[in-house]
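In: have a look at this fold, sequence not included:
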């Protein structure tokens, strides 16, 4: 069974507030790959492990219908609370049992979620529901984000980032193994489709307050594991790291804007005709 995380109401709210969605460039790469394989019009996209829907809504302008799927009622409640596009709907179910008929879906996506699924079962299920020439798109980003602040030494700033990540490393889920990138690369190798695309290093810069960067890291599973085990230690870690950032940046407010470099990677695969 897939790992069930990110299900509390407070965590779901922070997920919407702090988690980042793929850039327009990344979404366009997915759509370009799908158009090469299948051609337009695009009818149905299914975003599996959609969380609070930040990525789901990015597909609304490109498909007749988009369905976000998640196991968490709290996450879906947040997604529905921010729903505006009439062609986007949400359904609660597990990733390994999708409520769609065989060969009915143009695009199956999982944005920063595939690593939590029971991966072989999900890949079989994605194969079942995809149309011939339909596409599977698995996108994710690594935790090793980099910060930049005008007038500040980037090396010093990112030493603090590394300290933050190192403190959380012991709380990383064993389900994720040593490297999420490696999990996705293994999936790429296991998918028997001839038409596949792999990109391991796409840097996207995001401007946000330092407090939002801290909030994003706090929403990660490793920080949440620490928070469950020792709330006082988790809170102290956030305070200490924030203070170190402020000291390096020579500012007093965590609302100071920083540029966060996020390293994405993705896997695209097209189901062959006749399967």
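Out: Right, received. Where do you want to start? This is a predicted model, so every value here is computed, not measured.

In: so where's the stretch 1-150 of the chain uncertain?
Out: Under the criterion of pLDDT under 70, the regions of the stretch 1-150 of the chain flagged as low confidence span 1-19.

In: all helices of the stretch 1-150 of the chain, in order?
Out: Applying DSSP state H, counting those that start in this stretch to the stretch 1-150 of the chain gives helices spanning 9-18, 24-37, 73-81, 119-129.

In: which residues does the longest one contact?
Out: Under the criterion C-beta atoms under 8 Å, 6 or more residues apart in numbering, residues 42, 58-59, 62, 106-107, 109, 133-135, 137, 139, 195, 197, 199, 202, 204, 264, 266, 268, 270 lie in contact with helix 24-37. (C-beta placed from N, C-alpha, C; glycine too.)

In: could you list the buried residues of it?
Out: The neighbour-count check on helix 24-37 (16 or more other C-beta atoms under 10 Å) flags 26, 27, 29, 30, 31, 33, 34, 37 as buried.

In: do me a favour and get the end-to-end distance for stretch 249-257?
Out: 11 Å (C-alpha to C-alpha, to the nearest Å).

In: ok, and the closest non-adjacent residue to residue 130?
Out: residue 271 (4.4 Å; C-beta to C-beta, 6 or more residues apart in numbering).

In: quick one: that neighbour and residue 131 touch, right?
Out: Yes - the pair residue 271 / residue 131 is scored as a contact, 7.1 Å apart, by C-beta atoms under 8 Å.

In: looking at the two, which is more packed in?
Out: Legend: neighbour count by other C-beta atoms under 10 Å for residue 271 and residue 131, higher for residue 271 (25 against 17).

In: I'd like the distance between residue 239 and residue 43.
Out: 49 Å (C-beta to C-beta, to the nearest Å).

In: quick check, pLDDT for residue 175.
Out: With respect to pLDDT, residue 175 has a value of 81.

In: correct me if wrong: it contacts residue 116.
Out: Yes - judged on C-beta under 8 Å, residue 175 makes contact with residue 116 at a distance of 7.2 Å.

In: now the strands for the protein?
Out: 44-48, 65-70, 88-92, 105-111, 130-141, 146-148, 195-209, 257-270 (DSSP state E).
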